[in-house]
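A.B. asks: Give me the fold of what follows.
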Amino acid sequence: MTTNGEEPQIENLKLADPEEDVVNPWSVSSSSQEGVDYDKLIKRFGSSKLDQELIERWEKVTGKPAHHLLRRGMFFSHRDVHTILTNFEQGKSFYLYTGRGPSSESMHVGHLIPFIFTKWIQDIFNVPLVIQLTDDEKFLWKDLTVEEATRLAHQNAKDIIAIGFDVEKTFIFSDYTYMGQCPEFYRNISRIQKCVTFNQVKGIFGFGDSDVIGKIAFPAIQAAPSFSTSFPLIFGAAKVPCLIPCAIDQDPYFRMTRDVAPRLGFPKPALLHSTFIPALQGANTKMSASDNNTAIFLTDTPKQIKTKVNKYAFSGGQASVEEHRKLGGDCKVDVSYQYLRYFLEDDERLEQIRQDYTSGALLTG
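C.D. replies: The predicted model follows:
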């Protein structure tokens, strides 16, 4: 196990032990009703806690109050964000990189969190942003044709555009399309692939002998946008630092990337890690686009959302009204309250709801 902030070597980047929370790019689950233990995850991944001191420094550098997702610990971990802030203070810019694996017609609200936060960062720093749609990944992992994966990427791009990024500073691309348009993108992919052995990638991602070779090669494709020379029409040949806001399950890709970056002469990408919005059924697992009943999709109507919440949302309330009035509810496991932590920006209103529910004054439903 690594200590806080001590990054593991690539040879030691392994998937979870059987008794730990499962957190990897394809699966997230916990045996606890309260969900993933993020403090343990920081130690396991060797990242650094996004503490109050760093939040205050962020506010000082930007002159803006911290986003509610930052204040409430929904972004809880980082790698080298202090370096990004120092560079910015010195007049050196950076760019943002985030992405989406298009596996459904519509994104769900859990997918929004990195994008909402990324938009805020773009707005306050006024920096370029690249957004990767990994249609090739979903073709390799899901029961999809190339054409269907490409179509879903286009559909998901509409959801992303609707978030309101700066159109003059944002580049959204799908892997299938961009690979054929930009030789330098593929050159960087090849450079990364040459730096990582099969044995290493097997240890990081858990690939087995029966996995198709496309899966084994894919991590380099997600890594390549971390290097600014993958976008010569935006950055030319300049090696611009990169900041990646993403959910913590994507971190294995970028631990690998950070290991190879110095060998290729690139700055290590910095990262900001978010927690997971729980599935409607509870925090034991995250929302999943592959299970309609665990998720609230951006295309759901208000009526559909109400039905899903009333029917499926795990409650922290008691078995009867009398018991609830006496004992109060448990906000730590109540899914509806957890959703409010992500989306209700008013801190005072959120705290009032917490107090009322915990005391039993506010009922479930």
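
A.B. asks: Would you map the helices across the stretch 101-250 of the chain?
C.D. replies: 109-125, 135-141, 146-161, 175-181, 183-195, 198-205, 213-223, 232-235 (DSSP state H, counting those that start in this stretch).

A.B. asks: Can you say which of those is nearest to K308?
C.D. replies: Each of the helices of the stretch 101-250 of the chain has some distance to K308 by C-beta to C-beta; the shortest is helix 109-125, at 11.1 Å. For the C-beta atoms, the positions are set from N, CA and C on the backbone; glycine is no exception.

A.B. asks: ok, and what's touching that closest one?
C.D. replies: With contacts defined as C-beta atoms under 8 Å, 6 or more residues apart in numbering, helix 109-125 is touched by 62, 64, 67, 69-70, 74-75, 88, 94, 96, 98, 100, 127, 129, 159-160, 163-166, 169-170, 243, 245-247, 272, 274, 276-277, 286-287, 289, 295-298, 339, 342-343.

A.B. asks: among the helices of the stretch 101-250 of the chain, which is nearest P262?
C.D. replies: P262 sits nearest to helix 183-195 of all these, at 10.3 Å, using C-beta to C-beta.

A.B. asks: That closest one: which residues count as buried?
C.D. replies: F185, Y186, N188, I189, R191, I192, Q193, C195 (16 or more other C-beta atoms under 10 Å).

A.B. asks: name the helices or strands packed onto that helix?
C.D. replies: Helix 183-195 sits against helix 175-181, helix 213-223, helix 251-260, with contacts defined as 3 or more C-beta pairs under 8 Å, 6 or more residues apart in numbering; DSSP states H and E.

A.B. asks: what does the second one rub up against?
C.D. replies: Put plainly, it is helix 213-223. Contacts for helix 213-223 (C-beta under 8 Å, 6+ apart): 99, 132, 134, 136-137, 140-141, 175, 189-190, 192-193, 196, 198, 201-202, 204-205, 207, 250, 253-254, 256-257, 260.

A.B. asks: Now do the buried residues in stretch 190-209.
C.D. replies: Within stretch 190-209, the residues scored as buried using 16+ other C-beta under 10 Å are R191, I192, Q193, C195, V196, Q200, V201, G203, I204, F205, G206, F207.

A.B. asks: Just flag the most distant two among the residues you listed.
C.D. replies: Of all pairs in these, the most separated under C-beta to C-beta is R191 and G206 at 24.1 Å.

A.B. asks: which ones are touching the closest residue to R258 other than its chain neighbours?
C.D. replies: Setting aside the residues directly before and after it, R258 is nearest to K268 in space (C-beta to C-beta, 6 or more residues apart in numbering), at 4.4 Å. K268 makes contact with R79, D80, T257, R258, A261, P262, according to C-beta under 8 Å, 6+ apart.

A.B. asks: Closest to G365 out of those?
C.D. replies: Compare each of these with G365 using C-beta to C-beta and the shortest gap goes to R79, at 41.4 Å.

A.B. asks: Please report how far the closest one lies from L96.
C.D. replies: For R79, the distance to L96 equals 15 Å [C-beta to C-beta, to the nearest Å].

A.B. asks: Can you give the contact residues for stretch 338-354?
C.D. replies: The contact list for stretch 338-354 (C-beta under 8 Å, 6+ apart) reads 68-69, 71-72, 74, 109, 113, 277-278, 283, 331, 337, 362.

A.B. asks: Look up how far T229 lies from G265.
C.D. replies: With C-beta to C-beta as the criterion, G265 and T229 are 10 Å apart.

A.B. asks: what about these two, which has more around it?
C.D. replies: The neighbour comparison of G265 against T229 (other C-beta atoms under 10 Å) goes to T229, with 20 against 10.

A.B. asks: Not counting its neighbours along the chain, what's nearest A220?
C.D. replies: I192 is the one closest to A220 (C-beta to C-beta, 6+ apart), at 4.0 Å.

A.B. asks: could you measure that neighbour against H67, distance?
C.D. replies: To H67, I192 is 31 Å away according to C-beta to C-beta.

A.B. asks: likewise F45?
C.D. replies: 23 Å.

A.B. asks: C195 touches G265, doesn't it?
C.D. replies: No - the criterion here is C-beta atoms under 8 Å, and C195 misses it with G265 at 11.7 Å.

A.B. asks: I'd like the contacts of K268 as CSV, with neighbour count appended.
C.D. replies: CSV is the format used below for the contacts of K268 (neighbours: other C-beta atoms under 10 Å):
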residue, neighbour count
R79, 24
D80, 20
T257, 27
R258, 22
A261, 21
P262, 10
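
A.B. asks: which among the residues you listed gets closest to N24?
C.D. replies: Among the contacts of K268, and counting by C-beta to C-beta, the member closest to N24 is T257, at 15.9 Å.
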